[in-house]
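# Quick one, fold the following:
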Amino acid sequence: MNGQVQKDNKAFKLEGVDEEAVFASWLEGFGAALENKNIEAIISYFDDNCYWKDILALTWDYPTLTGTDQIRSVLEEHLAKAEITNVRHAKRGQKPRLVKRSAKPIIEGYFDFDHKLGQGEGCVRIHVNQEDPFNSKIWNILTTLQELTGHEETIDDRRPVGDEFSQYKIKENWKQMRDIRRSFSDRDPEVVILGAGHAGVILGARLGLMGVDALVLEKQGRIGDTWRNRYHSLTLHNEVVGNHMPFIPFPPSFPVWLSKDKLANWIESYADSMEVNVWTSTKLLAATFDEQEKRWTLKMEKNGVEQELSCKHFVVSTGVSGSIPKIPKLPGIENFKGKVIHSNDFTTGAEYKGKNCLVVGTGNSGHDVAQDLVVNEANHVYMSQRSPTCVVSLEPTATNVFRIYREGIAVEDIDLMSTSIPYPVLEDTYKWMMKRAAVNDKELIDGLNAAGFETYYGEDGTGFHMMYLRGEGGYYIDVGCSQMIIDGRVKITHTRDQDQFVAEGLRLKDGTIIPLDLVVMATGFNNMQENNRRILGDDVADRLGPIWGFDEHHMMRNMWKKTAQENLWIMGGALIDARIFSRFLAIQLTADLNEIKL
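So this is what the prediction gives:
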């Protein structure tokens with residue numbers, strides 16, 4: 001890994017540019033301008049094409065500021081209140097790097113700062129002026145609030161002593177105290193989190209370390225069942241190095257590609273080790289907000305017994321992709337005599353050995369189900385395609401998105417740098433990646449097209465990961481099913497060629513009948529807005545609007561921040577998203593509970 005970093009730096013080494021000296025000079029001048037609240041001096045450090053992303057340090061929000069006019073406007077309104085001082089080199093000690101980003105020579109560096117409310121961290125990409133390196137300008141910068149003074153995470157030198165048990169300062173031992181705290185028999189929680197998947201558990205851990213009394217509710221029987229109960233061949237499609245959970249990274253012996261059961265067990269053990277309060281087998285029945293008391297009342301059924309809790313803040317963490325299966329009304333499906341299931345209910349293809357099977361949908365789940373059926377010796381496997389699908393190789397294309405996590409840098413620093421990328425730059429980056437994919441994956445794509453499978457890289461050519469960020473489906477990271485399609489072991493049928501389902505299978509418009517025993521609807525899930533509608537009712541769901549995807553200001557909609565419903569928050573995303581943004585959501589919740597305001 002370090003060798004790769006050295007190679008990259010050497011490749012972009014510029015004669016006469018000392019990146020450490022340039023960064024130190026920039027940091028001294030820019031830091032002084034921030035401390036002196038000299039807005040025009042701050043603006044002078046920016047390139048004409050520039051961005052400033054902020055997370056809670058200036059605005060108590062997550063804006064992306066584009067151009068110096070927007071930056072100046074926000075600074076005029078918020079800089080004085082933030083009281084940013086003591087801007088300095090980052091304590092983790094990552095040295096500035098000279099790299100190439102978007103075909104530009106860039107110095108990447110990290111810095112820390114003191115803030116009115118606590119401690120902040122930031123990172124910057126400085127566009128190198130090759131004629132005058134010490135007059136280089138900011139291309140993009142990120143500032144974040146990382147800690148609240150008096151409510152810091154109790155880790156490392158702030159860890160608890162633990163002598164209350166050995167010195168009999170209390171009569172209960174550690175296990176008894178854990179049982180009491182988890183039971184909430186003597187109090188109501190301050191925060192309730194719905195959903196004990198990776199995101200809910202990570203947020204619960206963050207809050208606990210900041211002194212917030214939080215409870216996580218999970219309808220399944222075990223923590224991690226949201227992963228454990230999915231189809232048996234499921235593995236993560238991004239590498240373990242980018243998926244670490246905060247405080248307890250995955251062991252170095254863990255495989256590159258984590259299976260769903262291994263991840264589920266890890267989440268369960270993580271919750272136990274981090275002392276996250278979780279109630280399993282608990283189904284939420286109703287959630288109502290009292291506008292006068294500013295509190296939520298939650299009615300639930302726990303192990304078959306109804307009970308009620310009150311809390312100030314309610315966090316929904318039930319998955320940004322939704323959990324309510326989306327089942328389309330296919331023509332004639334009611335006449336089909338075989339079995340019809342959603343991919344959510346598919347466990348293994350072993351049940352369908354020798355059967356004729358159709359998978360409706362060509363996303364990741366559809367491909368994984370089809371592959372599982374072939375491996376388990378189904379007689380014939382068909383896949384129904386409605387529209388083109390973005391298909392990329394696992395390696396090198398898909399892994400390129402998270403390649404930065406293999407560059408030998410601390411995960412915390414990489415998180416900062418990856419978060420700092422503004423939306424327009426992200427779009428350009430993904431378009432460039434997909435152009436490379438078209439070359440690297442040419443044989444794969446040509447083979448799929450020859451087999452009748454239609455492909456594309458998204459409407460705007462940004463590809464699979466931008467589809468994920470926008471809340472779209474229609475992509476597949478190839479882990480083997482594409483070759484099955486190319487070889488004809490998975491046959492393609494297009495919706496436009498289909499007439500309707502009949503008793504014995506699917507009739508095409510030319511009169512041909514495809515005999516079927518099984519139809520699997522790999523058609524995704526209704527989005528989280530519809531989940532919220534079931535949980536919170538139409539008024540709240542409509543007030544919130546769409547969840548996930550970008551709004552007109554390039555901000556993720558309703559995620560990890562205040563929503564239109566008072567004291568309601570949304571937590572979610574992939575493991576990387578949960579690791580990064582759980583910190584900022586926990587800070588906001590802790591600040592509100594302690595009446596701390598910027």
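# ok, D551 touching K561?
No - judged on CB atoms under 8 Å, D551 makes no contact with K561 at a distance of 11.6 Å. Every residue, glycine included, has its C-beta placed from N, CA and C.
# of those two, who's got more company?
The residue with more neighbours, out of D551 and K561, is K561; 19 against 11, by other CB atoms under 10 Å.
# contacting residues for the more buried one?
By CB atoms under 8 Å, 6 or more residues apart in numbering, the residues touching K561 are D61, Y62, W569, F584, L585, Q588.
# could you dump those residues to CSV with secondary structure?
Shown next, in CSV, are the contacts of K561 (DSSP: H, G, I helix; E, B strand; the rest coil):
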residue, secondary structure
D61, coil
Y62, coil
W569, strand
F584, helix
L585, helix
Q588, helix
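# So which of these is the closest to K100?
Y62 (27.5 Å; CB to CB).
# Verify the stated contact: the closest one with H554.
No - Y62 lies out of contact with H554 (CB under 8 Å); the separation is 9.7 Å.
# More neighbours: the two, which one.
Neighbour count, other CB under 10 Å: between Y62 and H554, Y62 has more, with 20 against 17.
# ok, the more buried one to S44 distance?
Distance, Y62 to S44, by CB to CB, to the nearest Å: 26 Å.
# next one: V360
The spacing between V360 and S44, counted by CB to CB, is 58 Å.
# Over to N265?
54 Å.
# Those two - which one has more neighbours?
Each of N265 and S44 has its neighbours counted (other CB under 10 Å); N265 has more, 16 against 13.
# roughly how far apart are the more buried one and R228?
N265 is 8 Å from R228, by CB to CB.
# Over to A350?
Distance from A350 to R228, by CB to CB: 18 Å.
# who has more neighbours, those two?
Between A350 and R228, counted using other CB under 10 Å, the more crowded position is R228 (20 against 13).
# any weak-confidence spans in the stretch 351-500 of the chain?
The model of the stretch 351-500 of the chain has pLDDT under 70 over residues 407.
# mind listing the helices for it?
Under the criterion DSSP state H, counting those that start in this stretch, the stretch 351-500 of the chain contains helices at 364-375, 399-400, 411-419, 423-440, 442-450, 464-469, 481-486.
# buried set for the fifth one?
In terms of neighbour count (16 or more other CB atoms under 10 Å), helix 442-450 has its buried residues at L444, I445, G447, L448.
# Remind me what it packs against, helices and strands.
Where contact means 3 or more CB pairs under 8 Å, 6 or more residues apart in numbering; DSSP states H and E, helix 442-450 is packed against strand 390-393, helix 481-486.
# How about A410: what's its closest non-neighbour residue?
Leaving aside its chain neighbours, A410 sits nearest to R92 (5.5 Å; criterion: CB to CB, 6 or more residues apart in numbering).
# wait, P325
H342 (4.2 Å).
# my guess is the one you found meets P328, correct?
No - under the criterion of CB under 8 Å, H342 lies out of contact with P328, with a separation of 10.5 Å.
# Between those two, which contacts overlap?
Joint contacts of H342 and P328 (CB under 8 Å, 6+ apart) are M521, T523.
# the more surrounded of those two?
Using other CB under 10 Å, the more surrounded residue of H342 and P328 is H342, with 19 against 12.
# So what sits opposite that one in the bridge?
With DSSP bridges as the criterion, H342 is bridged to M521.
# What residues does it make contact with?
P325, I327, V520, M521, A522, T523.
# Could you do L536 as well?
Contact analysis of L536 by CB under 8 Å, 6+ apart lists A287, Q565, L568.
# Among these, which one lies nearest to H151?
For the contacts of L536, the residue nearest H151 by CB to CB is L568; the value is 21.7 Å.
# Now the phi/psi pair for that closest one, please.
phi -120, psi 130 (degrees, to the nearest 10).
# For the residue nearest to it when sequence neighbours are not counted, give me its contacts.
Spatial nearest neighbour of L568, chain neighbours left out: F314 (5.5 Å); criterion: CB to CB, 6+ apart. For F314, the contact set (CB under 8 Å, 6+ apart) comprises V191, V192, L194, A287, F289, W296, L298, N567, L568, W569.
# Sitting in strands, which of those do you find?
Mapping the contacts of F314 onto strands (DSSP state E) picks out V191, V192, L194, A287, F289, W296, L298, L568, W569.
# what does the model give the residue of the chain most remote from its centre for pLDDT?
Most distant from the centre of the chain: G511, at 45.4 Å, with distances by CA atoms, centre = their mean. pLDDT recorded at G511 is 98.
# And M1, by the same measure?
31.
# Please apply the same query to S102.
Looking at S102, the pLDDT reads 84.
# Just give the number of residues close to it.
Neighbouring residues of S102 were enumerated by other CB under 10 Å; the total is 13.
# same thing with Q565?
When counting by other CB under 10 Å, one arrives at 18 neighbours for Q565.
# Please list all residues in contact with it.
F289, L536, V540, R543, L544.
# Repeat the analysis, applying 7 Å as the threshold.
If you count contacts by CB atoms under 7 Å, 6 or more residues apart in numbering, Q565 has them with V540, R543, L544.
# Please apply the same query to F23.
Contacts of F23 by CB under 7 Å, 6+ apart are P96, I107, G109.
# now swap in V191 and tell me
L207, V212, A214, C311, H313, V315, L589.
# and with 8 Å instead?
V191 is in contact with L207, V212, D213, A214, L215, C311, K312, H313, F314, V315, L589, L593, counting by CB under 8 Å, 6+ apart.
# cool, and K431?
By CB under 8 Å, 6+ apart, the neighbours of K431 are D460, G461, T462, G463.
# Which of those fall in strands?
Among those, no member falls in strands (DSSP E).
# Which two among those are spaced furthest apart?
Going by CB to CB, the pair spanning the contacts of K431 furthest: D460 and G463, at 9.3 Å.
# In terms of packing, which of those two has more residues around it?
More crowded of D460 and G463, by other CB under 10 Å: G463, with 25 against 11.
# Could you find the closest non-adjacent residue to that one?
G463's closest residue in space is M434 (CB to CB, 6+ apart), at 4.1 Å.
# Hmm, G461 and the one you found touching each other?
Yes - between M434 and G461 there is a contact under CB under 8 Å: 5.6 Å.
# where do the contact lists of these two overlap?
Common neighbours of M434 and G461 (CB under 8 Å, 6+ apart) do not exist.
# which one of these two has more residues nearby?
Using other CB under 10 Å as the criterion, M434 and G461 rank with M434 on top: 23 against 17.
# and the gap between L508 and A21?
70 Å.
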